[in-house]
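Asks: Fold the stuff below for me.
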Amino acid sequence: MRARALIDRASFGPDALKAASQAFEQAWAEIALHFGGDPGVTDAARIALASAILSVASDDGEVEVLKQAGLQARARNYKLPISPPKIPDR
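Replies: This next block holds a predicted model:
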């Protein structure tokens, strides 16, 4: 739960922290299934999402705006595993 601690310890007022926390929970609910296998990968993804949300947070931030910014940042930085190319059968 390092991601939650990151949000809880951020230097924002109580309303901004509440908005960031709600945005994080809503965004994570949308993408959690993509990170469900390895606890280390899940933790890293949660921290990255929290960091992305906090990077755009402000004292007058709205939950939906923060959520979308976090999801967009994760989408830009998400890398799928590289698969070898398929060679057609002859």
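Asks: Please list the residues outside the helix or strand hosting residue 53 that contact it.
Replies: Remark: residue 53 resides in helix 39-56, with elements defined by DSSP states H and E. With CB atoms under 8 Å, 6 or more residues apart in numbering as the test, helix 39-56 has contacts from 2-4, 6-7, 10, 20, 23-24, 27-28, 31-32, 34-36, 65-67, 69-70, 73-74, 77. C-beta here means a position set from N, CA and C on the backbone, and glycine is covered the same way.
Asks: What are the buried residues along it?
Replies: For helix 39-56, burial by neighbour count (16 or more other CB atoms under 10 Å) applies to 42, 45, 46, 48, 49, 50, 52, 53, 54, 56.
Asks: Put the alpha carbons of the following helix or strand past it into CSV.
Replies: Downstream of helix 39-56, the next assigned helix or strand under DSSP H and E is helix 63-77. Only the C-alpha atoms of helix 63-77 are listed here, as CSV (Å, rounded to 0.1, in the frame of the first residue of the first chain):
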residue,chain,number,x,y,z
VAL,A,63,-11.7,13.9,-9.2
GLU,A,64,-12.6,13.1,-12.9
VAL,A,65,-9.8,15.4,-14.2
LEU,A,66,-7.3,13.8,-11.9
LYS,A,67,-8.5,10.3,-12.8
GLN,A,68,-8.3,10.9,-16.5
ALA,A,69,-4.8,12.5,-16.2
GLY,A,70,-3.6,9.5,-14.3
LEU,A,71,-5.0,7.0,-16.8
GLN,A,72,-3.6,8.9,-19.7
ALA,A,73,-0.1,9.0,-18.1
ARG,A,74,-0.3,5.3,-17.4
ALA,A,75,-1.4,4.6,-21.0
ARG,A,76,1.5,6.6,-22.4
ASN,A,77,4.0,4.7,-20.2
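Asks: quick one, helix 63-77 and helix 39-56 angle?
Replies: Counting by axes from the mean of the first three to the mean of the last three CA atoms, to 10 degrees, helix 63-77 lies at 120 degrees to helix 39-56.
Asks: Run a quick neighbour tally on residue 72.
Replies: Close neighbours of residue 72, defined as other CB atoms under 10 Å, add up to 13.
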